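Q: Make a model of this:
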Amino acid sequence: MSAESTAATAPRPTAAPSLTGVFVRLKLTLLRNGLRQSAGRTVAYVASVIVGLLFAAGAVLGLVALRGNAHAGALAVLLTGILTLGWAVMPLFFPAGDETLDPTRLVMLPLRPRPLIVSLLTASLIGVGPVVTLVLTTGAVIAVADGPVAAVFAVAAVVLTVLVCVSLARAVATAAVRLLTSRRGRDLAVLGGLFLALGGQVVNIAAQKLGRPDGLAVLEPVGQVLRWVPPASAVGAVEDAGRGAYGRALAGLVLAALALVLLLWWWQRTLTTLMTAPDSSTLQALEKDGARRSGTGPRGPARLLPDGRTGTVMLRTLRYAWRDPKSKMAWATALGVGLLVPVVSAVQGNGSIFTSFSASALLGMQMYNQFGQDTSAFWMVASTIATPRDAYRELRARALALALIGVPFVTLVVVGAAAFIGPWSDFLEVYGLSLAVLGALLATGALSSALAPYSIPSEGNKNVSPGQGAIAWFSLLGGVVTCAVLCSPLLGLTIWLHVADLHALLWVLLPAGAVYGTAVAELGLRVAAPRVARRLPEILTAVSKG
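A: Reported below is the predicted structural model:
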């Protein structure tokens with residue numbers, strides 16, 4: 001057979017399958033398999049879809065109702081800016097929501113960055129988030145579009161806005177993937193709930209401001225700035241096109257398109273670096289650990305802690321609060337919400353210095369279930385406790401670690417509340433009562449840790465193991481009621497001084513509260529210590545169920 005006939009009959013190489021189709025099918029497969037894992041997950045996903053679409057539909061109806069309003073444009077660009085911010089920060093707090101967000105899984109495959117970006121971007125358009133963003137952006141442009149030219153600009157604005165948001169999320173996730181897959185990244189994800197709570201309070205305050213008759217007018221200064229920030233500039237371009245300012249409208253679309261090009265370029269650069277550069281995080285960690293071990297004794301602020309068991313336990317407790325994700329979340333929530341309550345009440349115009357009690361109450365609750373944070377490793381603590389005296393030292397050191405952070409923070413919150421809410425005449429009594437509440441919660445928390453311990457799961461978002469929820473709630477409720485009873489003498493003294501019109505003597509509540517809180521905390525530790533020493537096996541069993 002001749003060479004010509006052999007070449008003619010040889011099978012032609014088949015074209016490589018499109019990466020876009022592969023990634024789209026991969027995304028759909030991940031969604032389908034994720035829903036098949038459990039009925040609860042399916043219900044949660046369907047519920048999230050329904051809630052998201054209902055929210056988007058309600059927002060669109062509200063935007064359409066504002067059509068023709070003089071300030072509708074400011075609201076539309078502000079909504080677009082908030083959407084963009086949400087797309088930028090969500091990958092940092094919820095990196096595990098989409099497995100394809102981790103491009104390091106594709107490192108060993110012979111893929112080019114440019115077609116890979118096109119495929120990933122197309123697959124990213126599948127999901128609840130892009131659909132909700134599409135619906136909200138459509139409502140925003142409907143609220144400001146006026147005329148056929150504005151309608152043409154509106155179509156381009158919707159496409160650009162959705163693409164910019166999705167590209168931004170992908171670029172941020174790729175740039176931070178090393179962080180997101182590390183322990184610190186998981187800690188950041190745990191703190192996502194706190195940031196959402198803070199953001200919810202900001203939205204609540206803003207909604208109250210906007211509910212006034214002239215509420216939308218306050219958005220104009222922000223709208224004038226955001227309409228030149230992509231992709232909100234694309235929505236602002238629709239309003240400009242409806243008014244006949246075609247030059248401004250074209251500039252807004254160009255800004256959004258330029259932002260999309262820059263994001264794709266940044267995404268390609270970070271993706272190329274990520275898939276070609278070696279991951280030296282492990283080597284760096286080993287080097288840092290070796291450098292840390294080369295030193296002798298504690299360094300930094302740890303040197304200020306007392307010697308012996310007290311300093312060791314305090315340092316361990318503080319490290320738990322800084323390194324353990326569940327402990328960090330509990331501490332961050334207590335600090336954040338304790339500071340947020342007085343601030344929100346002050347912004348809403350009905351603030352009171354007495355709202356600063358939230359700081360001492362939430363921080364004092366960190367004393368509850370002290371042994372649960374140790375999980376099954378509590379056996380190492382239990383092996384060092386032979387007598388009630390050992391148990392007392394263990395509890396006292398944990399209480400001192402909490403007070404080391406709690407007392408300065410309570411002082412800061414009460415001083416801030418007195419300065420921004422007032423009056424200063426109530427500062428001494430509020431500060432004294434706050435210290436008393438903190439001491440009472442330390443006492444009841446120590447006793448609750450001995451009598452009602454429970455396990456904290458190391459994985460997942462739950463803070464109580466299945467079957468122990470009632471123990472957690474009853475211990476917390478009983479502790480709060482007992483704390484109120486313990487503080488009743490000081491509360492009675494406060495009420496009597498007010499009723500008897502002895503305001504000049506209210507200053508005594510500060511030293512009285514400090515002394516009383518210290519005494520109650522000491523009493524609680526001494527009452528709880530022998531019970532901890534007797535119940536070590538029961539405590540170990542209870543905290544090891546997670």
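Q: Quick check: Gly406 vs Leu442, distance?
A: According to CB to CB, to the nearest Å, Gly406 and Leu442 sit 8 Å apart. Every residue, glycine included, has its C-beta placed from N, CA and C.
Q: any common contacting residues for these two?
A: Any residue near both Gly406 and Leu442 by CB atoms under 8 Å, 6 or more residues apart in numbering counts here, and that gives Gly364.
Q: Would you mind telling me which of those two has more residues around it?
A: Comparing Gly406 with Leu442 by other CB atoms under 10 Å, the one with more neighbours is Leu442, at 31 against 27.
Q: residues contacting that one?
A: By CB under 8 Å, 6+ apart, the neighbours of Leu442 are Gly364, Met367, Ala399, Leu402, Ala403, Val520, Ala521, Gly524, Leu525.
Q: mind redoing it with 7 Å?
A: If you count contacts by CB atoms under 7 Å, 6 or more residues apart in numbering, Leu442 has them with Gly364, Met367, Ala399, Leu402, Ala521, Gly524.
Q: what helix or strand does it sit in?
A: For Leu442, the host element (DSSP states H and E) is helix 427-451.
Q: Residue ranges in the stretch 101-250 of the chain under the pLDDT threshold?
A: Applying pLDDT under 70 to the stretch 101-250 of the chain flags residues 101-110, 177-218.
Q: at 90 what do you get?
A: 101-133, 135-136, 139-154, 168-249 (pLDDT under 90).
Q: residue boundaries of the helices in it?
A: With helices called from DSSP state H, counting those that start in this stretch, the stretch 101-250 of the chain shows them at 113-124, 128-144, 148-175, 177-180, 183-190, 192-210, 220-226, 232-242, 246-276.
Q: list the contacts for the residue lying closest to Tyr454 once chain neighbours are set aside?
A: Among residues not flanking Tyr454 along the chain, Gln468 sits closest, at 4.1 Å (CB to CB, 6 or more residues apart in numbering). Residues in contact with Gln468 (CB under 7 Å, 6+ apart) are Tyr454, Ser455, Lys545.
Q: Tell me if I'm right that Trp507 and Leu428 touch.
A: Yes. Trp507 lies in contact with Leu428 (CB atoms under 7 Å); the separation is 4.8 Å.
Q: These two: which is more packed in?
A: Leu428 (18 against 15).
Q: How confident was the prediction at the more buried one?
A: pLDDT for Leu428: 88.
Q: Distance check, it against Gly517.
A: Distance, Leu428 to Gly517, by CB to CB: 14 Å.
Q: what do you get for Thr387?
A: Applying CB to CB to Thr387 and Gly517 gives a distance of 27 Å.
Q: The two: who's more crowded?
A: Gly517 (29 against 11).
Q: who touches that one in this structure?
A: Neighbours of Gly517 in contact, by CB under 7 Å, 6+ apart: Leu435, Ala436, Leu438, Gly439, Ala440.
Q: My guess is Ala401 contacts Thr317. True?
A: Yes. Between Ala401 and Thr317 there is a contact at 4.0 Å, judged by CB under 7 Å.
Q: Trp331: how many residues sit nearby?
A: As a measure of burial, Trp331 has 20 neighbours, counting by other CB under 10 Å.
Q: Excluding chain neighbours, give the residue nearest to it in space.
A: Nearest non-adjacent residue to Trp331 (CB to CB, 6+ apart): Ala321, at 4.8 Å.
Q: follow-up on the earlier one: so which of the helices of the stretch 101-250 of the chain gets nearest Gly372?
A: Nearest to Gly372 among the helices of the stretch 101-250 of the chain is helix 183-190 (16.5 Å), distances taken as CB to CB.
Q: quick revisit: for the contacts of Gly517, name the two members farthest from one another.
A: Between any two of those (CB to CB), the greatest distance is 9.7 Å, for Leu435 and Ala440.
Q: how does the chain divide up, domain by domain?
A: 39-275, 304-543 (automatic domain parsing).
Q: Relative to Tyr368, how far out is Trp473?
A: Counting by CB to CB - Trp473 and Tyr368 are separated by 11 Å.
Q: ok, those two, which is more surrounded?
A: When Trp473 and Tyr368 are compared for neighbours, Tyr368 comes out ahead with 24 against 12, by other CB under 10 Å.
Q: Please report the distance of that one from Ala500.
A: According to CB to CB, Tyr368 stands 36 Å off from Ala500.
Q: And for Pro388?
A: Taken as CB to CB, the span from Pro388 to Ala500 is 43 Å.
Q: Those two: who's more crowded?
A: Set side by side, Pro388 and Ala500 show more neighbours around Pro388, with 16 against 9, by other CB under 10 Å.
Q: The nearest residue to the more buried one once chain neighbours are set aside is in what secondary structure piece?
A: Leaving aside its sequence neighbours, Pro388 sits nearest to Pro530 (CB to CB, 6+ apart; 4.1 Å). Taking DSSP H and E as the definition, one finds Pro530 inside helix 509-534.
Q: Val480 too?
A: Val480 belongs to helix 469-499 when assigned by DSSP H and E.
Q: In this structure, spot the helix with the most residues.
A: Longest among the helix segments of the chain by residue count, using DSSP state H, is helix 388-420.
Q: Since that was my last question, I'll sign off now.
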